[in-house]
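[1] Need the 3D shape of this:
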Amino acid sequence: MARVLVVMMPAEGHINPSLGLIKELIESGDEVVYCCTEKYRTKIEALGAQFKAYSFNEATLLNNPNMKPFEIKHPYQFLYMILKKIIQRFIPDVLNLIENETYDYIIFDSLIGWGGQILGEKLGIPTICSTSTFVFVEPLGSGSHNLKDYNEEVQELYNGIMEMSQQLASRFNVAAPSLAELSGHPGQLKIVYTSRYFQPMGDKLDDSFVFTGPSIIPRKDAPAFANESLHALYKQVVYISMGTILNKDLEFYKLCFTAFRDLPVQFILSSGKDTDLEPIAELIPDNFIIRPYVPQLEVLQCVDAFLTHAGMNSASEALYYNVPLIMLPLTSDQPRVAGRIQELGAGVILDKNNLTPDILRTAVLEVLSNDSYREHAGVIGNTLRDAGGYKRAAAAIKEFLGNRPLSATTISSLE
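    As a prediction, this is how the structure comes out:
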């Protein structure tokens, strides 16, 4: 039996893909210690894992304006954010949490970046990266992103990245990384929760990238929902959800009400647990079912289209069930995910800065009336289902480790 340290960022789109893998590892006999924020304790302990809460809490992520999702105009912005807002604050908390403990290997969130390698080096164990979005085939900051093509602000970002990485390396007593190491893919093994087909330029990535498709398991915290009644009044059903962080935009919901109130379509809107809809309650049309939270996996199996922010987790779950998408990418990796889906013919992209009721309604009707979108979603869906899911991920880890329980002492003897 191996003892596994799992370190994840506190976001549904990062945690949910890991749940099936963690459950499979535990059932195979591994002891899993899962580090995240207190909010996720119940969900993780339900799998049979031990839970440790770190002090880098969700309030730090959501209430600090510098930590809110933002539109990345240059890759160095992302690298700088990882170093300053995550590694600098996060890694010391985790190291304190696991002080004097031993593990056989670590699974860490890709958003931790180089920080995952720091943890692995400090513990002297193999590193496995849990990657919940597309891989950057070309390292961040390479290719067209050349320093000479950008202004003084980008040069300052570059200088800040190199200075901070050297300070952190000294603080943690590890070797200072090069820019290529910072911007490359951390982890000796990378578990990627998509298919090689869906991944842009997937054929250029080596075998250290294991594409497993999304991790689809029942979610015990999901509320009951009467799926059988969705088609009672209307032939077609559209699901609307803008994710767990970006779901409080009442103006967008009002736009949806105006755009869709006269359509012979049933709409299901997941508004978010903390979203107050009282100010717009009187505007809700009769063809809308609104809930703070719905069992997304169950609902997606019954709908004809999905209006979404195009977060990787939500988009992958929709495509897994062959559901085409109308996408309104807002931030972070969403434009890249949406672009790939549109490129493969499984959905359409709307411009967040040029949105009217007519544009919104036309896009939804286009996807509902043109079978090619569902057909192309089905092509992607086939590759996601065939990738093997969490069982393939667990098997890849066991193969990587030599298919036998390891101890820190054993690993040290092999080095």
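
[2] lowest average confidence, helix or strand, in this structure?
    In the chain, the helix or strand scored least confidently by mean pLDDT, DSSP states H and E is helix 408-414, which has a mean of 41.

[3] For this protein, give me the ranges with low pLDDT.
    By pLDDT under 70, the weakly predicted segments of the chain are 56-73, 138-150, 218-224, 226-228, 244-248, 403-415.

[4] Break it into its domains for me.
    Domain assignment for the chain, taken from automatic domain parsing, gives 3-213+388-414, 227-386.

[5] what's the longest helix along the chain packed up against?
    Longest helix in the chain, counting residues (DSSP state H): helix 152-172. Contact here means 3 or more CB pairs under 8 Å, 6 or more residues apart in numbering; DSSP states H and E; on that basis helix 152-172 packs against helix 75-81, helix 88-97, helix 114-123, helix 179-183. For every residue, glycine as well, the C-beta is placed using N, CA and C.

[6] Next, the angle from it to helix 114-123.
    On the basis of axes from the mean of the first three to the mean of the last three CA atoms, to 10 degrees, helix 152-172 is oriented at 10 degrees to helix 114-123.

[7] What segments of the stretch 201-350 of the chain are helices?
    Using DSSP state H, counting those that start in this stretch, the helices of the stretch 201-350 of the chain run over 250-260, 296-300, 312-320, 334-343.

[8] now the helices and strands packed on helix 152-172 as JSON lines including distance to residue 382 and mean neighbour count?
    Listed next are the helices and strands packed on helix 152-172 as JSON lines, based on distance: least, CB to CB, whole Å; neighbours: other CB atoms under 10 Å:
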{"stretch": "helix 75-81", "distance to residue 382": "32", "mean neighbour count": "20"}
{"stretch": "helix 88-97", "distance to residue 382": "38", "mean neighbour count": "17"}
{"stretch": "helix 114-123", "distance to residue 382": "32", "mean neighbour count": "21"}
{"stretch": "helix 179-183", "distance to residue 382": "33", "mean neighbour count": "18"}
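
[9] Minimum distance to residue 16: which of those helices has it?
    Residue 16 lies closest to helix 114-123 among these, at 19.0 Å (CB to CB).

[10] Would you mind finding the most buried of the helices of the stretch 201-350 of the chain?
    Neighbour counts (mean count of other CB atoms under 10 Å) averaged over each of those peak at helix 312-320, with a mean of 26.

[11] For that one, give me every contacting residue.
    Residues from elsewhere that reach helix 312-320 (CB atoms under 8 Å, 6 or more residues apart in numbering): 12-14, 16-17, 132-134, 193-194, 198, 213-214, 216, 241, 243, 296-297, 300, 306, 308, 324-325, 327, 333, 337-338, 341, 346, 377, 380-381, 384-385.

[12] and what of stretch 33-40?
    3-10, 15, 22, 44, 47, 49-54, 56-58, 94, 97-98, 101, 103.

[13] Return the subset of those lying in strands.
    Of the contacts of stretch 33-40, the ones assigned to strands by DSSP state E are 3-7, 50-53.

[14] Name only those of these that count as buried.
    3-7, 51-53 (16 or more other CB atoms under 10 Å).

[15] Please convert the residues you listed to CSV, extending it with distance to residue 281.
    Output for those, formatted as CSV (distance: CB to CB, whole Å):
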residue, distance to residue 281
3, 51
4, 47
5, 46
6, 41
7, 41
51, 38
52, 41
53, 36
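
[16] just those now: which is nearest residue 118?
    Ranked by distance to residue 118 (CB to CB), those are led by residue 7 at 10.9 Å.

[17] Wait, the closest one touches residue 117, no?
    No. Judged on CB atoms under 8 Å, residue 7 makes no contact with residue 117 at a distance of 11.9 Å.

[18] and residue 81, which of the helices of the stretch 201-350 of the chain is closest to it?
    Nearest to residue 81 among those is helix 334-343; the distance by CB to CB comes to 16.1 Å.

[19] now for that closest one, which elements pack on it?
    Counting contacts by 3+ CB pairs under 8 Å, 6+ apart, helix 334-343 is packed against helix 312-320, strand 325-327, strand 347-349.

[20] so which of the ones you listed gets nearest residue 285?
    Using CB to CB, the helices and strands packed on helix 334-343 put strand 325-327 closest to residue 285, at 17.7 Å.

[21] what lines up beside that closest one in the sheet?
    Neighbouring strands of strand 325-327 in its sheet, by DSSP bridges, are strand 305-308 (parallel), strand 347-349 (parallel).

[22] which residues are in contact with that strand?
    305-310, 315, 318-319, 334, 337-338, 341-342, 346-350, 363-364, 367, 377.

[23] Flag every buried residue along the host helix or strand of residue 382.
    Using DSSP states H and E, the element containing residue 382 is helix 371-386. By neighbour count on 16+ other CB under 10 Å, the buried set for helix 371-386 is 373-374, 376-377, 380-381, 383-385.

[24] chain center to the next helix or strand after it, what's the gap?
    Using DSSP H and E, the helix or strand that follows helix 371-386 in sequence is helix 389-400. Here helix 389-400 is found 19 Å from its chain centre; the criterion is CA atoms, centre = their mean, to the nearest Å.

[25] Residue 3 bridge partners, please.
    Beta-bridge partners of residue 3, as defined by DSSP bridges: residue 31.
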